[in-house]
Every structure is written in structure tokens, then in C-alpha cells.
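In: here you go, sequence then predicted model.
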There are 2 protein chains.
Amino acid sequence: MKPTTASAARQYPCAKCPLQGFPHLQPHEKEEVSFLSEFKTGELVADAGTTVLVEGANSAHLFTVLSGWGFRYKTLEDGRRQILNYVLPGDLIGLQGSIMKEMAHSIEALSPMILCVFQRDKLPNLFRSFPNLAYDITWIASREEQMLDEILLSVGRRTAMERAAYLFAFLFQRAKSVGMVKTNKLIIPLKQQHVADTLGLSIVHTNKTLKKLSVRGALRWLDRGCEVLDENVLLEMSKWQGLPATPRPYI
Amino acid sequence: MKPTTASAARQYPCAKCPLQGFPHLQPHEKEEVSFLSEFKTGELVADAGTTVLVEGANSAHLFTVLSGWGFRYKTLEDGRRQILNYVLPGDLIGLQGSIMKEMAHSIEALSPMILCVFQRDKLPNLFRSFPNLAYDITWIASREEQMLDEILLSVGRRTAMERAAYLFAFLFQRAKSVGMVKTNKLIIPLKQQHVADTLGLSIVHTNKTLKKLSVRGALRWLDRGCEVLDENVLLEMSKWQGLPATPRPYI
DNA sequence: CGCTAATTTGAAGGTACTCAAGCTTCGTGG
DNA sequence: CCACGAAGCTTGAGTACCTTCAAATTAGCG
């Protein structure tokens, strides 16, 4: 299923970017906004379940997530899948494909997503003309690495319960930082198979672990999704100190 | 144990950088070399076992590895350790600390290391004056992410045997790309505890897994180190396709 | 030559996996 | 409106993998 491009109708001009104004996201200078307006070539709307970027592809695009949930993953030949990280509004995706020859992972939408599309061949121009934006991109790449480090620590060294608690605490905090948490609760559009493939567990064991979390009141499983109910229980169970509160750049 | 700075005696001027000339590393332009000469503030020699960078520290430095082996790791409060990746000649370390507020992982030397030291506060200047070098840094950050993706896939979804085989195939190929493999064999200065903390396994099970690998002739365990004997057996056992052969930038 | 650190081995137990079947929910079509 | 099928969630049983505990062996280092 190919995603539909909606480049003709540009719902969100950069000056009215829906990402503006979140206290956790750093605002842009005026000149930067006008450059980004040209860097941006359109918008992409992807339905839930759509593969936005495919491993091995030499994609001509670079995206910033404007709304919705997605995930990055890799698979082995025999089909075993590992979810590497999730993507939320404000995240830059496809940088690997733009900088190196090709993507080494795929990205799929968990919910309907709106993406801001950039033309990858203008990236060298960005580096030449806007060193601050180039610095921001490197910042974003470093942040991704930092998240991966913590996820790897989790999968390698935390118990199944700690891992699960960490995952939901992590997603809750990330969602909160971009205004997706309203009444201290959050619904994440996941199947249990996604959770299993994130934690490196079987689906059966994942189910039993999630049940324990819900008994403790940390979350509740819905049809096709998970409602996070108690961030503090999750933080405590995972022995995780939480995300830094510093604002981050976006493109 | 503090590492000793040897900034007075600069063994390796940039024009005679020991990393030059490897077919897997991209050469620099003349102007870049002269800029890097100023960006470089000295050299650091670290003994095996030295902690080069500490989690939580706000290090003023950024390093490129000139020689030796090291590893990046994170720990949980109760001491459980996860090795995230290894660092080899040509690798840039400390970028996270330079770009963001502080380091979220530590780095320790596995063998004696020589590091090229850069002053972090000159980094914005690099972005302003040498966009190509800035692009290279982003390239390097993307490569680190790509390696982490594969390692996470391994820890999350490969069996103990596949994981171990992947690890040694991976380290063998990386070492080969910077001329550390002479006669198709390589000695990696590891303890089994390092292997265990990389694979997310206990030391006992790691030992039994390594024994199976050595029975198959893939490697041999030495005192305080591992000799990799057969890359092809490892590649086959791990179901891994190997690293791309494209040359990469370094700073 | 003895001490310490690292590796090796065996045994017992727990965690997580596979297999298998039942249940719930939702969408579709008769 | 209800029957039906498909997809996802849940549960139980048996097994395999991996862990912990404990002790023996080996390998440097002074």
C-alpha cells in the first residue's frame, strides 16, 4: 500500500508549523523558518500500517513527523523482528538514508501520520548556509543514539518486567513532551506483538508480563492499544530516572 | 586512575595522521587538514582499563581514536552493565557530551589507546567554516546509530550462539577495515565478562557458548583475549550479511 | 612458589519459549 | 439483526534456554 502524497495542498506552512510552541521544542529563527519553507517540499499522509520507509531503499526524502505514531524496525531473514525505537511528532526520520547510501531499517506508521517532507539533495545546502540547523541535525542524531543506548541497556540487562515498565514510562514521557498527554493518561496505538518485538520477548510472555503491570494499576490493555495510567509506578518498577527536561531542536 | 595527557609532545601532526591511507577511510582536503590541526589540541594516551569518559560528566573534549580498543557502556544502579558498542581507530567519541549537556554513557580502554583530542567549544566554529566536515560528523553519528540498530536486533532477537557469532564477525570486519587484521586472524583484547555484558548473557552461559564456537573452529580463547580464526564460519552462523564496503569519513 | 584473577565445569532452579486451545472483539455479509 | 470469520488476546502445559550457586582448574604476576 503506497502512501498518498498531498504535496499540492500544504496544510501546514512552516510559519504555522504544528510543532511550534511546545516548551520541549526549541523555536527557530525567522531566517531559518524561511529557509525551511523552501527545504520543505510537501506533506505526506500515511495511514496506520503503512510502511513509510523501507530497509534497503535509497529514499530521496527526509521527514519530520508532524503528528501520529510510528516505529523503526529491522528484521532477520527468517522473519524475526526487532523494533528499534518509536517515532513521535518532532522526530526526524530517514536521515540515515539521506546521509549514507541507503536505509538499514524500515519505518511503519502505528496510527495515521502526517509527515513534513524534505528533499534530501538540498541537505548539503542546509549544511553550507545554516550551520545552526546543521548543528541541530547532529543534535537530533545524537539524541537518537542516546535513546538507543538506553533501549539496548534495557533489552540486554533489565528483566522482562523492568523492560516493559521502562518502555511505557519512556513512551509516556516522550508523548507528554509533545503535548499528547491530556489528563495524565495516554493511549498508545500498539498491539501486543509490537511490545513483544520491542522487548525482545515472545508474545505469550509479553502478555503475562503486561497482565502483571495492569494488576499493579500501571496500565490497562484496550482493544488494539494500551492505556498508560500511572507514570510513577512505571518509573519505580523500571528503575529509570526519566528523560532530561532540556528542550530539543527540531527541523 | 586518571589518564595522562601528552599534549606537549604531539607525536602525530594531522598531516601525518596514522589514520591516513586506509582504503576504508575517506581522505581530507588540504584546507580541512590545516583546520583540523588547529581544532586538535593534543593527544591522550590511556592505559588499558582506564575510563576515558564518564557517564554524567560534562566533558570539554571530543576524541578520535588513533589506536587501540575501547568500549562504550551503561550501567544500572545495581551494577548490571551493558556494553553498547566498541570503539576502534577512526571512531569519534564524546560527541554526545559535546552536543548535548552531558554524556549518557562511559567509555573504557580495553587496550592502551592513543586519542586525538579536540576542544569541544571549537565545534560550532567547525560547523560554521567547514560544512563538509560538519556533514562528516553527522555521517559518523548516523553510522553509530546504524551499528546500534544492528546490535539491538542481535541482543533482542538472535539466539545466544548467533549473537556471539555476530559479535566476533562484526569486530573482525571493523578491525580489518582499519588494518588491524594481518594474516586473516585477529586478537581482540577482551575478557569473557565483556562478551557477556555485550550479549546480555551471564558469564557462565557466555563461556559455554564460546566453547561451542571454538569447537567449530571459529575462534580460540587465549589468556585475556580472543583470537578470531574463521570469519566465514562466524558470518554463516550469525546469518549476518556483513558491513558495507563503502569508505567512511573521519575527523 | 603462592596469590589472585579469570576461566571452566557441574548441578539445580527459574525465566521465558513453543505449542495448543479457548476466548473476546470487531467487521462483514446474509 | 444475527451469524460468521478473522484477528488479537488470554491461558495452560510442557520444554528448552539461560541463570545462579558453588567449586575446581588454569594462568599470570610478583
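Out: Ah, there it is. Every value quoted in this text rests on a predicted model; they were computed, and no experiment measured them.

In: count the residues that sit near residue A:18.
Out: 16 (other Cβ atoms under 10 Å in any protein chain shown). Backbone N, C-alpha and C define where each C-beta goes, glycine included.

In: ignore what I typed, I meant residue A:182.
Out: Residue A:182: 8 neighbours (other Cβ under 10 Å).

In: please apply the same query to residue A:236.
Out: 14.

In: before we move on, which element is it in?
Out: Using DSSP states H and E, residue A:236 sits in helix A:231-238.

In: leaving out sequence neighbours, find the closest residue to the closest residue to DNA strand C within the stretch 1-150 of chain A.
Out: At 8.5 Å from DNA strand C, residue A:80 is the closest residue in the stretch 1-150 of chain A, using Cβ to the nearest atom of the strand. The shortest distance from residue A:80 to any non-neighbouring residue, by Cβ to Cβ, 6 or more residues apart in numbering or on different chains, is to residue B:157 (4.4 Å).

In: also residue A:241?
Out: Nearest non-adjacent residue to residue A:241, counting by Cβ to Cβ, 6+ apart: residue A:235, 7.9 Å away.

In: confidence score at the one you found?
Out: As predicted, residue A:235 sits at a pLDDT of 97.

In: give me phi/psi at the residue nearest to residue A:52 when sequence neighbours are not counted?
Out: Nearest-residue entry for residue A:52: residue A:107, 4.6 Å, with adjacent residues in sequence omitted and distances by Cβ to Cβ, 6+ apart. When read as degrees, to the nearest 10, the backbone of residue A:107 gives phi -130, psi 130.

In: so residue A:107 touches residue A:92, yeah?
Out: No - in this structure, residue A:107 is not within contact of residue A:92 by Cβ atoms under 8 Å, at 11.5 Å.

In: between those two, who's got more neighbours?
Out: residue A:107 (27 against 22).

In: now the residue nearest to the spatial centre of chain A: phi and psi?
Out: Nearest residue to the geometric centre of chain A (Cα atoms, centre = their mean): residue A:87, 1.0 Å. Dihedral pair for residue A:87: phi -120, psi 140, per degrees, to the nearest 10.

In: same question, the one 10 residues further on
Out: Backbone torsions for residue A:97, taken as degrees, to the nearest 10, come to phi -70, psi -30.

In: check what pLDDT it gets.
Out: Reported pLDDT for residue A:97: 93.

In: that one: what's it in contact with?
Out: A:53, A:57, A:58, A:59, A:62, A:103, A:120 (Cβ atoms under 8 Å, 6 or more residues apart in numbering or on different chains).

In: pretty sure residue A:144 is in a helix, no?
Out: Yes - assigned with DSSP: H, G, I helix; E, B strand; the rest coil, residue A:144 falls within a helix.

In: and it, how close does it get to residue B:147?
Out: Distance of residue A:144 to residue B:147, given as Cβ to Cβ, to the nearest Å: 12 Å.

In: the more surrounded of the two?
Out: A count of neighbours by other Cβ under 10 Å puts residue A:144 above the other of residue A:144 and residue B:147, at 25 against 20.

In: and the more buried one, what does it touch?
Out: A:85, B:145.

In: near DNA strand D at all, stretch A:213-230?
Out: Yes - judged by Cβ under 7 Å from any atom of the strand, stretch A:213-230 comes into contact with DNA strand D at A:221, A:223, A:224.

In: just checking: which of the residues you listed also lie near DNA strand C?
Out: Answer for the residues of stretch A:213-230 next to DNA strand D near DNA strand C (Cβ under 7 Å from any atom of the strand): residue A:223.

In: check the residues of stretch A:213-230 next to DNA strand D for burial and list the buried ones.
Out: Burial by neighbour count, 16 or more other Cβ atoms under 10 Å in any protein chain shown: within these this picks out residue A:221.

In: DNA strand D: which of the residues of stretch A:213-230 next to DNA strand D is nearest?
Out: Distances from DNA strand D to the residues of stretch A:213-230 next to DNA strand D, taken by Cβ to the nearest atom of the strand, are shortest for residue A:221, at 4.7 Å.

In: show me what the closest one is bridged to.
Out: Counting by DSSP bridges, residue A:221 is bridged to residue A:226.

In: what's the helix or strand for residue A:175?
Out: Counting by DSSP H and E, residue A:175 is part of helix A:160-177.

In: go through that helix and flag the buried ones.
Out: In helix A:160-177, residues buried by neighbour count (16+ other Cβ under 10 Å) are A:162-177.

In: how far away is the residue nearest to residue A:52 from residue A:113?
Out: 10 Å.

In: next, give phi and psi for residue A:22.
Out: phi -70, psi 130.

In: ok, residue A:199 next?
Out: Torsion angles, degrees, to the nearest 10, at residue A:199: phi -80, psi -10.

In: give the contact list for it.
Out: A:154, A:155, A:160, A:163, A:164, A:167, A:206, A:209, B:156.

In: can we see that at 10 Å?
Out: A:82-83, A:151, A:154-155, A:158, A:160, A:162-164, A:166-167, A:205-206, A:209, B:156 (Cβ atoms under 10 Å, 6 or more residues apart in numbering or on different chains).

In: residue A:216 too?
Out: Per Cβ under 10 Å, 6+ apart, neighbours of residue A:216: A:161, A:165, A:229, A:230, A:233, A:234, A:236, A:237.

In: with residue A:75 instead?
Out: Counted by Cβ under 10 Å, 6+ apart, residue A:75 has contacts A:55, A:81, A:82, A:105, A:106, A:197, B:153, B:157.

In: dump these to CSV, plus pLDDT, secondary structure and distance to DNA strand D.
Out: Formatted as CSV, the contacts of residue A:75 follow (pLDDT from 0 to 100; DSSP: H, G, I helix; E, B strand; the rest coil; distance: Cβ to the nearest atom of the strand, whole Å):
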residue, pLDDT, secondary structure, distance to DNA strand D
A:55, 95, coil, 21
A:81, 98, strand, 14
A:82, 98, strand, 15
A:105, 97, coil, 21
A:106, 97, strand, 17
A:197, 98, helix, 11
B:153, 98, helix, 15
B:157, 98, helix, 11
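
In: of those, closest to residue B:135?
Out: residue A:105 (21.2 Å; Cβ to Cβ).

In: ok, back up a step: any idea which of the residues of stretch A:213-230 next to DNA strand D the model trusts least?
Out: Within the residues of stretch A:213-230 next to DNA strand D, pLDDT is lowest for residue A:224, at 79.
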